[in-house]
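Visitor: Take a look and give me a structure for this.
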Amino acid sequence: MATKTAIQAVKGTRDFYPEAMAFRNWLYGKIRAISERFGYQEYEAPILERLELYAAKSGEELVKEQSFVLKDRGGDELALRPELTPSLARMIAQRQASLVLPVRWYSFGPFWRYERPQRGRTREFFQWNIDLLGSDSPTADGEIVSIGAEFLRSVGLTPDEVVIRLNSRRLMEQKLAEIGIGAEQRLEVFHLIDRRDRMPPDKWQAWALEMGLSAGQLDALTALLGDSELWRESEELQQVFATAEALGVADYLTYDASIVRGLDYYTGPVFEAYDRGRTLRAIFGGGRYDNLVADVGGDRIPGVGFAMGDVIIELLLERVGKRPKLPTTPSRALVTLFSADLYGQTLALAASLRRAGINVEQYLEPERLSKQVRYADRKGIPWVVILGPDEVAAGRVVLKELASGEQRSCTPAEAIELLKAGQVEHASSPV
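Guide: Got it, this is the predicted structure:
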């Protein structure tokens, strides 16, 4: 007899079992709390977009190599969204006349990129996007960077463990021009700089010479990338650092001339967050994009924002021992079933607890009480509510806390208050 082969998940995707879902929901809760603390509104965009939306400004690599592309029955080319900023720009352009500026929006949802799956990199991932549109002030950049720093702090990561590396595309354009690299070659050189840490030095230098840089220009570029004080020549970077200082997060920031970001639409300050040892890919990254709304059909609206995937931050929290231990069940209590003839009274008890706002599970078959308690323990349910014939006759229940083994007899109303408070008084020996 042939052995059945189980159907596997699509390569590069993940199954979110309850324990994984618990982390995803915890992460989303942290994201929502930090975003809304700064006054940002939640929004969402379609999973499918026209391919031309990304072709407009995201860069050839994202469109040709990393996008999942399909044709609909009408022949239109669509893509599973690889990023959100172009969708955001399209949405802003569509309602530009009615929006109150500056717009502060955030989102958390799924994305797809056709990459080689490996540790820290999947094809399907969840991503936080947060953006501020409608302000030219570098204070807006400082606010966005500071939100990233506050998030890192909120999940327990310290400036000794993580750092946000900051630069300016505008400053780099000026410096590239000074060493004779013209506008027609600038984007190519930005891609060269962006890949510097991902290539062996000899191959990186060879690529630079192949694209037409002279040996002198390569030396000047290398010196430029090592200049840690270059930011002092940029008024906008000075204001970004000053904003972070005023908001109490400057210790998370540092200047790094090699940070330019790979996407073509960035126009000003850009930044990426890393673990201090740089043992993982970027935790998040973003920057200023002043022309993207105009590029998708609207009027010019300046914008700044960043995106953070859920994979690297989880790996980092595990590595530093700060991944939270999370409950995998929403159930606050298990209502046991003493016997079949008490089924109706047991269901009524469970219903009354739910109406009081307490999440409870109902055991479905009259098994041994020890088996029902063991089930609750294995599920991580902290409390057991027992209703036997004696309790029915007395109008009471037995409430048992599994962590301590303590239990007490009480009225259903008292049980509700104790379950809500999460406390139980010392009582008789365990059942």
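Visitor: Now residue 197. Nearest residue, chain neighbours left out?
Guide: Distances taken as CB to CB, 6 or more residues apart in numbering place residue 258 nearest to residue 197, at 6.9 Å, with adjacent residues excluded. Where C-beta positions appear, they are placed from N, C-alpha and C, glycine not excepted.
Visitor: show me what contacts the one you found?
Guide: 165, 167, 193, 196, 197, 225 (CB atoms under 8 Å, 6 or more residues apart in numbering).
Visitor: Identify the residue with the minimum pLDDT among those.
Guide: Lowest pLDDT among the contacts of residue 258: residue 197, with 84.
Visitor: what's the burial count for that residue?
Guide: Neighbour count for residue 197, taken as other CB atoms under 10 Å: 11.
Visitor: do you know how far residue 358 is from residue 327?
Guide: From residue 358 over to residue 327 the distance is 15 Å, taken as CB to CB, to the nearest Å.
Visitor: The two - which one has more neighbours?
Guide: Counted by other CB under 10 Å, residue 358 and residue 327 do not tie: residue 358 has more neighbours, with 18 against 15.
Visitor: Pretty sure the more buried one sits against residue 419.
Guide: Yes: counting by CB atoms under 8 Å, residue 419 is a contact partner of residue 358 at 5.2 Å.
Visitor: tell me which element the residue nearest to residue 197 is part of?
Guide: Following DSSP states H and E, there is no helix or strand that holds residue 258.
Visitor: re earlier: any residues in contact with both of residue 358 and residue 419?
Guide: 332, 333.
Visitor: Do a quick rundown of the strands in the stretch 201-350 of the chain.
Guide: 253-255, 269-275, 284-288, 303-309, 333-335 (DSSP state E, counting those that start in this stretch).
Visitor: returning to what we had before: against residue 141, how distant is the residue nearest to residue 197?
Guide: 19 Å.
Visitor: swap in residue 310?
Guide: The value you get for residue 310 to residue 141, if CB to CB is used, is 24 Å.
Visitor: before we move on, what about residue 88?
Guide: 17 Å.
Visitor: Next: residue 201.
Guide: From residue 201 to residue 141 the distance is 31 Å (CB to CB).
Visitor: between those two, who's got more neighbours?
Guide: Neighbour tally, residue 201 and residue 141, criterion other CB under 10 Å: the higher count belongs to residue 141, 29 against 9.
Visitor: is it true that the more buried one touches residue 236?
Guide: Yes: counting by CB under 8 Å, residue 141 touches residue 236, with 7.0 Å between them.
Visitor: For the two, list the residues in contact with both.
Guide: 268, 269.
Visitor: List the contacts of residue 249.
Guide: 146, 149, 150, 153.
Visitor: Do you know the pLDDT at the residue nearest to residue 21 when sequence neighbours are not counted?
Guide: Leaving out its chain neighbours, the residue that sits closest to residue 21 by CB to CB, 6+ apart is residue 328, at 7.9 Å. Listed pLDDT for residue 328 reads 91.
Visitor: So for stretch 115-125, what gets flagged as buried?
Guide: With burial defined by 16 or more other CB atoms under 10 Å, the residues of stretch 115-125 counted as buried are 122, 123, 124, 125.
Visitor: What number of residues are in the vicinity of the closest residue to residue 42 other than its chain neighbours?
Guide: Counting by CB to CB, 6+ apart, residue 42 lies nearest to residue 106, which is 5.9 Å off, once chain neighbours are set aside. By the measure other CB under 10 Å, the count of residues near residue 106 is 21.
Visitor: can you give me the angle the host helix or strand of residue 106 makes with strand 303-309?
Guide: For residue 106, the host element (DSSP H and E) is strand 103-112. Between strand 103-112 and strand 303-309, the angle comes out at 30 degrees (axes from the mean of the first three to the mean of the last three CA atoms, to 10 degrees).
Visitor: let's have the chain start at 696 instead
Guide: In the new count, where the first residue is 696, that last one comes out as strand 798-807.
Visitor: So which bits of strand 798-807 are buried?
Guide: Buried, per 16+ other CB under 10 Å, within strand 798-807: 798, 799, 800, 801, 802, 803, 806, 807.
Visitor: Give me the spatial nearest neighbour of residue 1072, chain neighbours excluded.
Guide: Residue 1072 sits nearest to residue 1097 (CB to CB, 6+ apart), 5.3 Å away.
Visitor: For the one you found, report the pLDDT, please.
Guide: Value for residue 1097, per-residue pLDDT: 95.
Visitor: Over to residue 770?
Guide: For residue 770, pLDDT reads 91.
Visitor: Equivalent analysis for residue 882, please.
Guide: pLDDT, residue 882: 85.
Visitor: What residues does it make contact with?
Guide: Residue 882 touches residue 959, counting by CB under 8 Å, 6+ apart.
Visitor: and it, what element?
Guide: Residue 882 belongs to helix 878-889, assigned by DSSP H and E.
Visitor: Same check on residue 1053?
Guide: Going by DSSP H and E, residue 1053 is not in any helix or strand.
Visitor: Contacts made by the one helix or strand residue 731 maps to with the rest, please.
Guide: For residue 731, the enclosing helix or strand under DSSP H and E is helix 713-732. Residues outside helix 713-732 that contact it (CB under 8 Å, 6+ apart) are 709, 711, 737, 801, 803, 821, 823, 825, 842, 845-846, 849-850, 1005, 1008-1009, 1018-1019, 1021-1024.
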